[in-house]
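Colleague: What follows is a protein structure lacking sequence information:
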């Protein structure tokens with residue numbers, strides 16, 4: 001009988017609560033390394049932390065699974081060097097809801113999507129972007145018509161932060177219930 005490889009997931013911190021829930025509820029034998037949720041606003045920092053995590057966790061008999069969207073232009077090249085596999089999702093919201101649901105909702109009205117992790121951490125992520133690049137995030141919401149918060153019923157969503165985000169963007173908020181089934185399928189498929 002062959003020994004099953006151990007699974008190490010290197011994940012964006014935006015998925016922390018969802019992955020911790022899945023590990024506990026599904027009894028998954030995964031080791032998870034979480035990187036900062038705000039790293040995607042700075043490619044240099046993201047690349048450095050990702051390589052550091054891949055170096056540290058690359059061992060014989062280990063499947064390295066990366067739970068990120070295409071958040072860095074060199075993502076594929078970086079992962080290829082370490083034999084790591086990434087989920088098939090362009091971004092974190094697509095990883096949770098699936099690309100078809102994102103397209104369908106955007107066809108109704110141009111939508112800015114928030115997961116619970118995004119909703120609860122947007123201020124930290126925007127602060128990092130302002131610190132690193134003096135980026136004016138408010139300017140990026142002009143073409144959007146609404147915000148949809150994906151609620152998986154797993155993580156408490158800070159309603160005060162959602163209201164503050166709505167006020168910051170000037171957009172109305174809707175909520176959609178989704179499950180973690182799509183995310184789990186993506187991770188298990190690599």
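Modeller: Everything's here; your move. What you see is a predicted model, and the numbers here were worked out from it, not measured in a lab.
Colleague: Was I right to think residue 177 contacts residue 153?
Modeller: Yes - using C-beta atoms under 8 Å, residue 177 is in contact with residue 153, at 6.7 Å. Backbone N, C-alpha and C define where each C-beta goes, glycine included.
Colleague: ok, how many other residues are close to residue 184?
Modeller: Residue 184 has 15 neighbouring residues, counting by other C-beta atoms under 10 Å.
Colleague: what helices or strands is the helix or strand bottoming out on mean pLDDT in the chain leaning on?
Modeller: The weakest-scoring helix or strand in the chain, judged by mean pLDDT, DSSP states H and E, is helix 116-133 (a mean of 79). Applying 3 or more C-beta pairs under 8 Å, 6 or more residues apart in numbering; DSSP states H and E, we find helix 116-133 packed against helix 16-26, helix 92-97, strand 146-151, helix 159-169.
Colleague: can we see that at 7 Å?
Modeller: The contact analysis (3 or more C-beta pairs under 7 Å, 6 or more residues apart in numbering; DSSP states H and E) places helix 116-133 against helix 16-26, helix 159-169.
Colleague: got those as TSV, with mean pLDDT, mean neighbour count and distance to residue 115 columns?
Modeller: Converted to TSV, the helices and strands packed on helix 116-133 look like this (pLDDT from 0 to 100; neighbours: other C-beta atoms under 10 Å; distance: least, C-beta to C-beta, whole Å):
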stretch	mean pLDDT	mean neighbour count	distance to residue 115
helix 16-26	93	16	8
helix 159-169	92	15	12
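Colleague: Reformat those as JSON lines; add distance to residue 80.
Modeller: As requested, the helices and strands packed on helix 116-133 are exported to JSON lines (distance: least, C-beta to C-beta, whole Å):
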{"stretch": "helix 16-26", "distance to residue 80": "23"}
{"stretch": "helix 159-169", "distance to residue 80": "36"}
